[in-house]
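Asks: What would the 3D arrangement of this be:
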Amino acid sequence: MKPLDPPDSPQLVLSFDFDGTLHDPAATPPVADELFATLRRLRRERGALWGINTGRSMNHVIEGLIDARFPFSPDWVVAREREVWYPNPLGRWTGDEKWNRRCEKDHRKFFKKIGKVLKRIRQEVEEHTGATWVEHDGDPAGLISRTEEEMEWIVRRVVELAAGEPLLGWQRNSIYLRFGHRHYQKGSSLRRIAENAGLQAEQCFAIGDSHNDFEMLSTDSAAFVACPGNAVAEVRAHVSSVGGYLCTLAHSQACVEALEHFFPPAGTTADPC
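Replies: Next up is the predicted model:
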C-alpha cells in the first residue's frame, strides 16, 4: 500500500482521528468509498496531504488500514497521539527521527520526575474505583475504567492530584486514559506535520470525535475544525465555540461532509460556517 502521488506544492494538511471518526468497524465498508474519492479530488485541486492522528500504536494503525482495505495509504500518521511517521517510497513506515527521539527522551525524563504524583493517582484510583491501571513499553502509565461515569470521576480527581504538575497531561478516549507530557499530543503533533510540509495552522483541517482530540481541534493547530455527528457532547460544544463545523452525519460520511463544507469542488462556493 502506497500513498497517492505527491502534490507538486502542498497547500493543505488534513488530519483525521481514526476510531470513531474515520473508521466505523460496524459499517460495511468501515470507511466510505466517497471519502477516498474526496481525498483524490483534494489532492488534485488543493495539493492536500492527509493523515491519521490517533491513539493507536503504529502497528495497530497498519492493521486498521489493511483490515479496512484502504486503496492508498495516508501521507503521514501520528501514532499514540505523539509519534510522527511517514511512508517511504516502498510504502514502509519510517519515523520522524528528530521529533520521535526528542519525544521519547522528554517522556522518559518526565515520568521519572513525576513518579510520586502518578503513585498517588494510582492509589486513589485503585482504592475508590474498579478501574485497571495499565503500564506498557512506551506508555508507562494509563488506566481503563469500567464505565464512562467512572472515568468522569477519575478525571476530576486527576485534575486535583496533578494540580502541581503543569506539564502532566492525559489523553482520554471513552473509558481509556493515557498519561503523558503535555507538550506532546495530537495538536502539537499536527503542528509538526504542518511544519515539515512548510505550512501553518491556517492551512490545516482536523476532525475528531472524543476527548483526546481537543488539542487537534484547537485553532492553534487547525483553522478548519469539525466533528462527526457521533462526537461526544464536550467535543461538539468545543467545536461550536471555536466556529467549527458540526456534522450531521457520522464517521467517514461526516468526514466527507466536513471536507465538502470547507473545500467544495472547484467551481462551487464553500458554505458559510
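Asks: Between the two ends of stretch 88-96, what distance do you get?
Replies: This stretch, stretch 88-96, spans 11 Å end to end (C-alpha to C-alpha, to the nearest Å).
Asks: ok, Ser189 touching Trp85?
Replies: No - between Ser189 and Trp85 there is no contact under C-beta atoms under 8 Å: 10.3 Å. Just so you know, the C-beta spots here come from the backbone N, C-alpha and C atoms, and that holds for glycine as well.
Asks: Need the overlap of contacts for the two.
Replies: Val78 (C-beta atoms under 8 Å, 6 or more residues apart in numbering).
Asks: quick one: which of those two has more around it?
Replies: Shown here are Ser189 and Trp85; by other C-beta atoms under 10 Å, Ser189 has more neighbours (28 against 20).
Asks: contacting residues around that one?
Replies: 53, 78, 81-84.
Asks: What residues sit buried inside the host helix or strand of it?
Replies: If you go by DSSP states H and E, Ser189 is part of helix 186-196. Along helix 186-196, these residues count as buried under the neighbour rule (16 or more other C-beta atoms under 10 Å): 186-194, 196.
Asks: quick one on the thing from earlier: tell me the one of the contacts of Ser189 nearest Phe111?
Replies: Comparing the contacts of Ser189 against Phe111 with C-beta to C-beta places Arg82 closest, at 13.4 Å.
Asks: where exactly do the helices run in the stretch 1-150 of the chain?
Replies: Using DSSP state H, counting those that start in this stretch, the helices found in the stretch 1-150 of the chain span residues 33-46, 58-67, 97-113, 115-128, 148-161.
Asks: My error: substitute the stretch 151-273 of the chain in the last question.
Replies: Ranges of helices in the stretch 151-273 of the chain, per DSSP H, counting those that start in this stretch, are 186-196, 233-241, 251-262.
Asks: Check which helices and strands the longest one is in contact with.
Replies: Pointing back at helix 251-262 there. With contacts taken as 3 or more C-beta pairs under 8 Å, 6 or more residues apart in numbering; DSSP states H and E, helix 251-262 sits against helix 33-46, strand 204-207, strand 224-227, strand 245-246.
Asks: before we move on, what about the shortest one?
Replies: Helix 233-241 is packed against strand 224-227, strand 245-246, with contacts defined by 3+ C-beta pairs under 8 Å, 6+ apart.
Asks: so of those, which one's packed in deepest?
Replies: Of the helices and strands packed on helix 233-241, the one with the most neighbours on average (mean count of other C-beta atoms under 10 Å) is strand 224-227, at a mean of 26.
Asks: Lys186 against Glu81, yeah?
Replies: Yes - counting by C-beta under 8 Å, Glu81 is a contact partner of Lys186 at 5.1 Å.
Asks: Between these two, which contacts overlap?
Replies: In contact with both Lys186 and Glu81: 53, 171, 212, using C-beta under 8 Å, 6+ apart.
Asks: Need the nearest residue in space to the last one, chain neighbours excluded.
Replies: Counting by C-beta to C-beta, 6 or more residues apart in numbering, Asn212 lies nearest to Gln171, which is 4.0 Å off, once chain neighbours are set aside.
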